[in-house]
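Novice: structural data only, the sequence is not supplied:
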């Protein structure tokens, strides 16, 4: 009897939550649409550039009198339970896919969003999120197909156009990417992220002057944007304007990372003494930075300072062991 009452109560709770969410859509998509080149320069990515996603948002909800609100509880578990109750409800599938996507669970997100768009093929937002999940999986052609479906439903869907641009850039069709960005820019003419993406697209193609033009415009609109500052720093470093590169890196990531990045770029370009100065400062500011320590050791060895390099290597091993120990979960008490 108690089990039947519990099941009845759970069913009512699920239905009440559904009523609340029937008229709602996905939150803003802007957070997932930015792209940059690198956050901190790595030895294996010296010449490469890549896209990156923002830190995923992890919303929390609680249900009070059948109404979800921010607070305790996990929105993912709420929609997982609702999906069991209403497996053919496209809105439940959509929100469950969105929750998976926000946590970086791409396979689950793709499955749920594919179900949502199959059940409701007129929901453009579902195709955009599905396209983004596929892009993050590297399935660019399929992502483009889904994003085009979104633009058929809504030709002025800015987020869909930006996602299309990112996919075309990754496929190497730079002019198609820029067509999508320009369309988005006509609809949102003061969006610094779109200018940033246009700049990166030109940078991929090697057109530094055009890239600089759009990145500077993005910077004027938002001088605090870490992606834009990072990209401008890389262009400055390519022109051997290391002081300017340091300023942009510092705005993007702080002084420690800026010294580490500029130190590595100087090391890559053969400026050993200048590299050592920056890398020593990076280690002073962040003594356990494995990347800065590794670069400093390399610079010292290349300059013939073997004894100093051995000391830095010992510091690197100590920092590495500390990092491993700190990642081991402590026992429950």
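Specialist: That came in fine, so what should we check first? Because the structure is a prediction, the values reported are computed rather than measured.
Novice: mind checking which helix or strand of the chain has the lowest mean pLDDT?
Specialist: Within the chain, judged by mean pLDDT, DSSP states H and E, the helix or strand with the poorest mean is strand 60-64; its value is a mean of 33.
Novice: which helix or which strand is home to the nearest residue to residue 293 once chain neighbours are set aside?
Specialist: Distance criterion Cβ to Cβ, 6 or more residues apart in numbering; nearest residue to residue 293, sequence neighbours excluded, is residue 316 at 4.2 Å. To be clear about C-beta, it is placed using only N, CA and C from the backbone, and glycine gets the same treatment. Using DSSP states H and E, residue 316 maps to helix 306-326.
Novice: just residue 196 next, same as before
Specialist: Under DSSP H and E, the secondary-structure element containing residue 196 is helix 192-205.
Novice: show me what that helix is packed against.
Specialist: Based on contacts counted as 3 or more Cβ pairs under 8 Å, 6 or more residues apart in numbering; DSSP states H and E, the elements that helix 192-205 packs against are helix 158-171, helix 174-187, helix 208-221, helix 226-238.
Novice: contacts for that helix, please.
Specialist: 30, 33-37, 49, 162, 165-166, 169, 174, 177-178, 181-182, 184-185, 188, 208, 210-215, 217-219, 221-222, 225, 227-228, 231, 235 (Cβ atoms under 8 Å, 6 or more residues apart in numbering).
Novice: next one: residue 249 from residue 261, what distance?
Specialist: For residue 249, the distance to residue 261 equals 5 Å [Cβ to Cβ, to the nearest Å].
Novice: same deal with residue 294?
Specialist: Counting by Cβ to Cβ - residue 294 and residue 261 are separated by 13 Å.
Novice: between those two, point out the one with more neighbours.
Specialist: Using other Cβ atoms under 10 Å, the more surrounded residue of residue 294 and residue 261 is residue 261, with 31 against 20.
Novice: ok, back up a step: can you list the helices and strands packed on helix 192-205 in a markdown table and add mean pLDDT and mean neighbour count?
Specialist: Listed next are those as a markdown table, based on pLDDT from 0 to 100; neighbours: other Cβ atoms under 10 Å:
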| stretch | mean pLDDT | mean neighbour count |
| --- | --- | --- |
| helix 158-171 | 97 | 25 |
| helix 174-187 | 97 | 19 |
| helix 208-221 | 96 | 18 |
| helix 226-238 | 95 | 23 |
